[in-house]
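Participant: give me the fold of what follows.
(chains A, B, C and D)
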There are 2 protein chains.
Amino acid sequence: MQLNRLVNFHKTLGDPTRIRILSLLATGPLHGQAIAGKLGLKAPTITHHMTKLRDTGIVYQRRDKNTIYYYIDEKKLRSYSEALPNMLYQPNYDKEDDSMKMHSVVNNFIAPDGTLKHLPSQRKKKIIILKHLINGLERGKKYPEKEINEYIKKFHPDFATIRREFIINHFMYRENNIYELNPEEMWATIE
Amino acid sequence: MQLNRLVNFHKTLGDPTRIRILSLLATGPLHGQAIAGKLGLKAPTITHHMTKLRDTGIVYQRRDKNTIYYYIDEKKLRSYSEALPNMLYQPNYDKEDDSMKMHSVVNNFIAPDGTLKHLPSQRKKKIIILKHLINGLERGKKYPEKEINEYIKKFHPDFATIRREFIINHFMYRENNIYELNPEEMWATIE
DNA sequence: CATCTAATTAGGTTTTAATCTAATTAGATG
DNA sequence: CATCTAATTAGATTAAAACCTAATTAGATG
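Facilitator: Below you'll find the model as predicted:
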């Protein structure tokens, strides 16, 4: 699911009038005038809300003569509702990785004050630490070399080595001494 | 769950920035500056969003020295996400009532062409039938007596008796021979 | 106590969206 | 085709909220 559709779904439900409309429809289909009457709103307002509900897909409609009846699509409502928690907490390989190893490795190599004791020599652990270190950098932002050095020095005085590791392991790339984060797909992985 | 909290939950998720923040937090806790950096926003903006996320309860925070780390409360996120579908489609007593009894009672007293055979004499059944009959009337609309009579005659010729039952059982009230539906809380119930 | 860092508050700008009235469209029906 | 009803569109008003800069607060630390 794309970000946009998900945001839109929640934005649509983030309005008391629309929730009340759904409550009404839960007991059975209704036409626009009936909804307007029950909620004390005017017809155009109902049209406005039904357009949004229809656009997200959680209600559909059927015409009978001049009257349009609205129905909830319960299945869509449920699947959209579950989308966010599932997206965030889908257990995948990386997750295991992060929560199991990363935590203890970070604990071992990062001091309580957040500085780096020393760069691990084992490749796997080193990758985990490098990932941790670039956490404070911004995707899409261009960093002059001086700024990168300053950033790294907050963790460890040997900025040159760490900066080099960033490049070697494809966390960043350099062009004319300007540094920028690579897309995550390019980063070195453990395995 | 009250309407308000539910609306608020969805309103909170109905913003791309906040969804992105949750995506970031899903991989592990982060502090405000890191979030601001990754999203290209300023610190006050993050405060603004974190306040909303915290107020709905789906994130909480822990302080470590000067730095505040934010965590997702996965349980709350899930339970809120399920709230709306469950609210709408939770079988409760009234529902049972409607679907179990109402169905068979209506089947027994309403002919296939939609007309009423005769008004049940048992109170419970009579209420169910009256409920069924007023289904086609609109909340908030004022009906002159003549219009009510015509409406009832679509179901049964003895409009006077049925009209009287509507009033006796508080489905409608009359003022100057103008009839109007009562709010649902006033209707006679089965127990 | 002076100073540093991270977070927050205050206040302002701009965008979005909920609602209304008035006018229009789409279908049904006589 | 004239007319009715329900729905929609257009356009305006108002309220909410996302984001910023500048100033302030809260805690940690030397």
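
Participant: buried sites along the helix ranked longest in chain A?
Facilitator: Scanning chain A for the longest helix, with DSSP state H as the assignment, gives helix A:74-89. Across helix A:74-89, burial judged by 16 or more other Cβ atoms under 10 Å in any protein chain shown covers A:Leu77, A:Arg78, A:Ser79, A:Tyr80, A:Ser81, A:Ala83, A:Leu84, A:Pro85, A:Leu88. To be clear about C-beta, it is placed using only N, CA and C from the backbone, and glycine gets the same treatment.

Participant: show me the contact partners of it.
Facilitator: Residues outside helix A:74-89 that contact it (Cβ atoms under 8 Å, 6 or more residues apart in numbering or on different chains): A:1, A:6, A:9-10, A:56-58, B:13, B:19, B:22-23, B:26, B:72, B:74, B:77-78, B:81-82, B:84-85, B:88-89.

Participant: measure how far it is from the centre of its chain, please.
Facilitator: The chain centroid and the centroid of helix A:74-89 are separated by 14 Å under Cα atoms, centre = their mean, to the nearest Å.

Participant: what is the mean pLDDT for that helix?
Facilitator: For helix A:74-89, the mean pLDDT works out to 89.

Participant: only C-alpha atoms, please: export it in CSV.
Facilitator: The C-alpha atoms that make up helix A:74-89 are tabulated as CSV, following Å, rounded to 0.1, in the frame of the first residue of the first chain:
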residue,chain,number,x,y,z
GLU,A,74,-17.0,-3.9,5.2
LYS,A,75,-14.1,-5.9,3.8
LYS,A,76,-12.3,-2.9,2.5
LEU,A,77,-12.9,-1.1,5.8
ARG,A,78,-11.3,-4.0,7.6
SER,A,79,-8.3,-4.4,5.3
TYR,A,80,-7.5,-0.7,5.4
SER,A,81,-7.8,-0.6,9.1
GLU,A,82,-5.3,-3.4,9.5
ALA,A,83,-2.9,-1.9,6.9
LEU,A,84,-0.9,0.4,9.1
PRO,A,85,-0.2,-2.0,12.0
ASN,A,86,0.7,-4.7,9.5
MET,A,87,3.0,-2.4,7.5
LEU,A,88,4.8,-1.3,10.6
TYR,A,89,5.1,-4.7,12.3
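
Participant: which residues in chain A form strands?
Facilitator: Assigned by DSSP state E, chain A shows strands spanning A:30-31, A:59-64, A:67-72, A:142-144, A:172-175, A:178-181.

Participant: which one, of those strands, ends up nearest to chain B?
Facilitator: strand A:67-72 (7.0 Å; Cβ to the nearest Cβ).

Participant: outside of the closest one itself, list whatever touches it.
Facilitator: So strand A:67-72 is in contact with A:21-22, A:25-26, A:29-33, A:35, A:50, A:53, A:58-63, B:88, going by Cβ under 8 Å, 6+ apart.

Participant: which of the residues you listed count as buried?
Facilitator: For the contacts of strand A:67-72, a burial check counting by 16+ other Cβ under 10 Å picks out A:21-22, A:25-26, A:29-32, A:35, A:50, A:53, A:58-59, B:88.

Participant: what is the least confident helix or strand in chain A?
Facilitator: Sorting the helices and strands of chain A by mean pLDDT, DSSP states H and E puts helix A:93-96 at the bottom, at a mean of 38.

Participant: tell me where the model's unsure across chain A.
Facilitator: A:1, A:90-108, A:110-114, A:139-140, A:183-185, A:190-191 (pLDDT under 70).

Participant: and chain A, what are its domains?
Facilitator: A:3-83, A:91-186 (automatic domain parsing).

Participant: need these in JSON lines (columns: distance to B:Asn176).
Facilitator: Listed next are the domains of chain A as JSON lines, based on distance: least, Cβ to Cβ, whole Å:
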{"stretch": "domain A:3-83", "distance to B:Asn176": "21"}
{"stretch": "domain A:91-186", "distance to B:Asn176": "67"}
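
Participant: ranking those domains by burial, who's on top?
Facilitator: domain A:3-83 (a mean of 17; mean count of other Cβ atoms under 10 Å in any protein chain shown).

Participant: what about that domain, how long is it end to end?
Facilitator: By Cα to Cα, to the nearest Å, the extent of domain A:3-83 from end to end equals 11 Å.

Participant: and chain A, which residues reach DNA strand D?
Facilitator: A:31-33, A:43-44, A:46-48, A:50-51, A:66-68, A:113 (Cβ under 7 Å from any atom of the strand).

Participant: tell me which stretches of chain A form helices.
Facilitator: Secondary structure of chain A (DSSP H): helices at A:3-13, A:16-26, A:32-39, A:43-56, A:74-89, A:93-96, A:103-109, A:123-133, A:145-153, A:159-168.

Participant: closest to B:Ile167 out of the ones you listed?
Facilitator: helix A:32-39 (20.1 Å; Cβ to Cβ).

Participant: assess the claim that A:Lys117 and A:Phe109 are in contact.
Facilitator: Yes - contact criterion Cβ atoms under 8 Å: A:Lys117 and A:Phe109 qualify, at 5.4 Å.

Participant: picking up where we left off before, now for the residues of chain A next to DNA strand D, which pair is the farthest apart?
Facilitator: A:Asn66 and A:Asp113 (72.1 Å).

Participant: need phi/psi at the residue of chain A most remote from its centre.
Facilitator: Largest separation from the mean C-alpha position in chain A: A:Lys65, at 44.3 Å (Cα atoms, centre = their mean). Here the main-chain torsion angles of A:Lys65 (degrees, to the nearest 10) amount to phi 60, psi -130.

Participant: if I look at A:Phe9, how far off is A:Glu138?
Facilitator: The gap separating A:Phe9 from A:Glu138 is 28 Å, by Cβ to Cβ, to the nearest Å.

Participant: oh sorry, the question was meant for A:His118
Facilitator: 26 Å.

Participant: then A:Tyr80?
Facilitator: 31 Å.
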